[in-house]
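**Q** everything below, folded, please.
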Amino acid sequence: MGYIPREALENLKKYSYKGVDKSLTSRYILNPYWTWLVTFWPTWVAPNVITFSGLCMVLLNFATLLLYDPEYLAEKGGAMGPPQWIYFTWAAGLFIYQSFDAIDGKQARRTGMAGPLGEMFDHGCDALNTTLEVILASQALNLGRSWWTVASQIATLANFYLTTWEEFYTGQLFLGVFSGPVEGILIIVSIYLITAIYGPRFWDQNFITISGLSRYPFFAKNVPYLGLNEAFMVFAGFGLAFNIIVSYINVYKSRTSSKKGPLIPLLYLLPLPISAAIEVFWLSSPSFKRSAIIDSPLFVPFLCAWGLQFAHQVSRIILAHLTKQSFPWWDSMWIWSIVGAVDANLPFLLNRPPLIQSSPQRMTFFVYTTLAISFLSYARFCTLVINDITEYLGIACFTVRKKDRSGEWVDAAAVNKQQ
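**A** So this is what the prediction gives:
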């Protein structure tokens, strides 16, 4: 085996999916639709193919962003595109992604292909989609190159990390009355639809004026100008605080019921703020108000590299949960980011110019190298883990096949009949 220790692989056979979904939207509106939608997929289509097809819809949306606004200026920065109708396609693409992400489990049960590999693959695609949607939604909200987009990245990644951390310590995926995979995605779909109709500048309007609060003297005098897009980010911050509390309550109940210390898991929340602080420190060069990366076309490649490193980080947590290994608090890709952050801030730290990022050209090379290495690192992780799990459990990743008793790959239905 290439990545997972042998003794950890044996724990995969103990896998049993556990999930709680308290979303009323999911239960009464979307789930009947998902149950109907999955019937259109032939049983020879592997669940992971459906998952990956959904991610491809988001990647197509991202490609149109790069086509129409390659420098990520957004309309506020003078970008002429994308045309407003493109946002309809972004809404459709994300809704398709959500639909496919929801039915892959149903397809797995239909085909007898349910198992830990499906959960691993599903979470990996979700982790990648997280950063892609931050970039797309921030463009639709006319935030573009700004610290608001960075704040959106941090908040969104934090919510995903919380869910992963919670599942590791409780043993089940918990989706509350309001959750990112359901209501969160529908809100972003709504943002795309509104932008398609009214344009990105719609979100620059004053929040208290649109909300009607400006009619009250107290709000008119004391609340500063806050665009709808900025107000959306503020409310997202409150949502994150609420999710932190709810997630910890679930972990606390789980730990105390099993007579384990409820405070230790809090230490393993630290990797997220530490990794985010490294990236923010890098972005703050040469100063917070004049970031060399945020104020350049390097912003999107930087965010993509950050997102790939995050996907690697949370995927290792999911893998540790599935194989019952210890929580992976350290990620090797941090070393690369620390080097980039320290080098960029050498003028501040040691009063000397950067050694690596000493010119715009060299900074461009370093950021794109970071992106390439982050991609290769995550691709290597995915390849090795998929190979380990498929070979050990005898269940294919992208086809509906399993290994029979002789070790030959055959149609899964034949093996399921023998079990």
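
**Q** isn't residue 141 up against residue 191?
**A** Yes. Between residue 141 and residue 191 there is a contact at 6.5 Å, judged by Cβ atoms under 8 Å. All C-beta atoms are positioned from the backbone trio N, CA, C, and that covers glycine.

**Q** residue 345 - how many residues pack around it?
**A** Residues contacting residue 345 under the criterion other Cβ atoms under 10 Å number 17.

**Q** tell me the pLDDT at it?
**A** Model confidence at residue 345, expressed as pLDDT, equals 97.

**Q** that one: what's it in contact with?
**A** Each residue near residue 345 by Cβ atoms under 8 Å, 6 or more residues apart in numbering is listed here: 281-282, 284-285.

**Q** taking the residues you listed one by one, which sit in strands?
**A** Using DSSP state E, no member of the contacts of residue 345 falls within strands.

**Q** may I see the residues you listed organised as JSON lines, with pLDDT and distance to residue 244 added?
**A** Shown next, in JSON lines, are the contacts of residue 345 (pLDDT from 0 to 100; distance: Cβ to Cβ, whole Å):
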{"residue": "281", "pLDDT": "97", "distance to residue 244": "23"}
{"residue": "282", "pLDDT": "98", "distance to residue 244": "25"}
{"residue": "284", "pLDDT": "97", "distance to residue 244": "24"}
{"residue": "285", "pLDDT": "96", "distance to residue 244": "29"}
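
**Q** before we move on, back to that, higher neighbour count, residue 141 and residue 191?
**A** Set residue 141 next to residue 191 and count neighbours by other Cβ under 10 Å: residue 141 wins out with 28 against 21.

**Q** residue nearest the centroid of the protein?
**A** residue 130 (2.6 Å; Cα atoms, centre = their mean).

**Q** how close does it get to residue 77?
**A** With distances taken as Cβ to Cβ, to the nearest Å, residue 130 is found 24 Å from residue 77.

**Q** state the distance from the residue nearest to the centre of the chain to residue 310.
**A** Relative to residue 310, and taking Cβ to Cβ, residue 130 is found at 7 Å.

**Q** shared neighbours of the two, which are they?
**A** Applying Cβ under 8 Å, 6+ apart, one finds that residue 130 and residue 310 are jointly contacted by 157, 160.

**Q** distance to residue 416 added to the contacts of residue 345, as JSON lines?
**A** As requested, those are exported to JSON lines (distance: Cβ to Cβ, whole Å):
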{"residue": "281", "distance to residue 416": "52"}
{"residue": "282", "distance to residue 416": "50"}
{"residue": "284", "distance to residue 416": "55"}
{"residue": "285", "distance to residue 416": "56"}
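
**Q** may I ask which of these has the most neighbours?
**A** residue 282 (25 neighbours).

**Q** could you double-check that that one lies in contact with residue 341?
**A** Yes. With contact defined as Cβ under 8 Å, residue 282 and residue 341 form a contacting pair (3.7 Å).

**Q** just to revisit the earlier point, for the residue nearest to the centre of the chain, give me its contacts.
**A** 156-157, 160, 307, 310-311.

**Q** contacts only, for the closest residue to residue 15 other than its chain neighbours.
**A** Distances taken as Cβ to Cβ, 6 or more residues apart in numbering place residue 116 nearest to residue 15, at 4.2 Å, with adjacent residues excluded. Contact analysis of residue 116 by Cβ under 8 Å, 6+ apart lists 12, 15, 322, 389, 393.

**Q** just these: which are in helices?
**A** The helices, defined by DSSP state H, take in 322, 389, 393 from those.

**Q** and the two most separated of the contacts of residue 116?
**A** Between any two of the contacts of residue 116, the greatest separation by Cβ to Cβ is 11.1 Å, found for 322 and 393.

**Q** okay, the two: which has more neighbours?
**A** Ranked by neighbour count (other Cβ under 10 Å), residue 322 and residue 393 place residue 322 first, with 24 against 17.

**Q** and residue 146, backbone torsions?
**A** Backbone geometry at residue 146, expressed as degrees, to the nearest 10, gives phi -160, psi 160.

**Q** and the pLDDT at it?
**A** Per-residue confidence for residue 146 comes out at a pLDDT of 96.

**Q** what of the one 3 residues further on?
**A** With respect to pLDDT, residue 149 has a value of 96.

**Q** does residue 367 belong to a helix or a strand, and which?
**A** helix 360-393 (DSSP states H and E).

**Q** got the buried residues for that helix?
**A** Within helix 360-393, the residues that count as buried by 16 or more other Cβ atoms under 10 Å are 363-364, 366-367, 370-371, 374-375, 377-378, 381-382, 385-386, 388-390, 392-393.
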